[in-house]
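Visitor: Just a sequence and a predicted model for now, questions to come.
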Amino acid sequence: MNLPNKITLSRIFLIPIFIILMSVPFEWGTLSMGERELPVSHLCGAILFILASTTDWIDGYIARKHNLVTNLGKFLDPLADKLLVSAALILLVEIGLAPAWIVILIISREFAVTGLRLVAAGEGSVLAASQMGKLKTWIQIIAISLLLLHNWPLAFFSFPLGTIALYLAMIITVYSGYDYFKKNWHVMRDSK
């Protein structure tokens, strides 16, 4: 297994640690943000989420620079992204920082695209992530990071940038799913 794929696997292995940090009620205190409080466990979870998210850029950069792009990497990288983002979004609903309907739309798109990739794999094709899909992932990561940080540093000004970014992520997610299916519908049409 090459280095980029190992980095991608590390992202997957960080997900359970992230879930524990966000869901176990650690009593590490809170940080004051004007009228709001940021639990230290949420800060630690946000830092871990951001660290795990940056591995997405690192593994892709190394794979392209050193010509280490593999079918395993094309499969694992978007899967790792979807697992990390889905876990974070579900936790955001649980702690009351994201509307469930937006999370359902985003995760539904992810399942649909993964299903299309599985059909393609059954036909012997690997569908790589599109540029729109990569943009979607980064906007999701920015929105999730802001929400995990309870909108810090903008919480002092009561400006809901995290919520605005989540709505933008939802719009781009739905559109990129439509675009992905439109460009790859031949896989469904031609499957046996």
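Guide: Yep, it's here.

Visitor: ok, the helix-or-strand element of the chain with minimal mean pLDDT: who's next to it in the sheet?
Guide: In the chain, the helix or strand scored least confidently by mean pLDDT, DSSP states H and E is strand 30-33, which has a mean of 80. Its sheet considered, strand 30-33 pairs with strand 36-39 (antiparallel) by DSSP bridges.

Visitor: one step back: show me which positions of the least confident helix or strand of the chain end up buried.
Guide: Neighbour-count burial for strand 30-33, counted by 16 or more other CB atoms under 10 Å, picks out Met33. Every residue, glycine included, has its C-beta placed from N, CA and C.

Visitor: now stretch 101-112
Guide: Neighbour count says stretch 101-112 has 102-103, 105-107, 109-110 buried, by 16+ other CB under 10 Å.

Visitor: where are the low-confidence patches of this structure?
Guide: Low-confidence segments of the chain, defined by pLDDT under 70: 34-35, 128-129, 154-156, 191-192.

Visitor: Of the buried residues of stretch 101-112, just say which sits nearest to Glu94.
Guide: Nearest to Glu94 out of the buried residues of stretch 101-112 is Val103 (CB to CB; 10.1 Å).

Visitor: for that closest one, helix, strand, or coil?
Guide: With DSSP: H, G, I helix; E, B strand; the rest coil as the basis, Val103 sits in helix.

Visitor: which residues touch it?
Guide: 89-90, 92-93 (CB atoms under 8 Å, 6 or more residues apart in numbering).

Visitor: report the longest helix in the protein, please.
Guide: Counting residues, the longest helix in the chain under DSSP state H turns out to be helix 161-190.

Visitor: now that helix: how far from the chain's centre is it?
Guide: 13 Å (CA atoms, centre = their mean, to the nearest Å).

Visitor: ditto for stretch 3-21
Guide: Centre to centre, stretch against its chain (CA atoms, centre = their mean), the figure for stretch 3-21 is 12 Å.

Visitor: Show residues contacting it.
Guide: 1, 41, 44-45, 48-49, 51-53, 55-56, 58-60, 62-63, 68-70, 72-73, 76-77, 79-81, 83-84, 87-88, 91.

Visitor: What residues of it count as buried?
Guide: So, applying 16+ other CB under 10 Å, buried residues of stretch 3-21: 4-5, 7-9, 11-12, 14-15, 18-19, 21.

Visitor: try stretch 163-181
Guide: 163, 165-166, 169-170, 172-173, 176-177, 179-180.

Visitor: centroid residue for this protein?
Guide: Val85 (2.8 Å; CA atoms, centre = their mean).

Visitor: Helices of the protein, start to end?
Guide: So, for the chain - with DSSP H - the helices run 3-23, 40-65, 71-94, 100-122, 131-148, 161-190.

Visitor: so the second one versus helix 131-148, what angle?
Guide: Relative orientation of helix 40-65 and helix 131-148, computed by axes from the mean of the first three to the mean of the last three CA atoms, to 10 degrees: 160 degrees.
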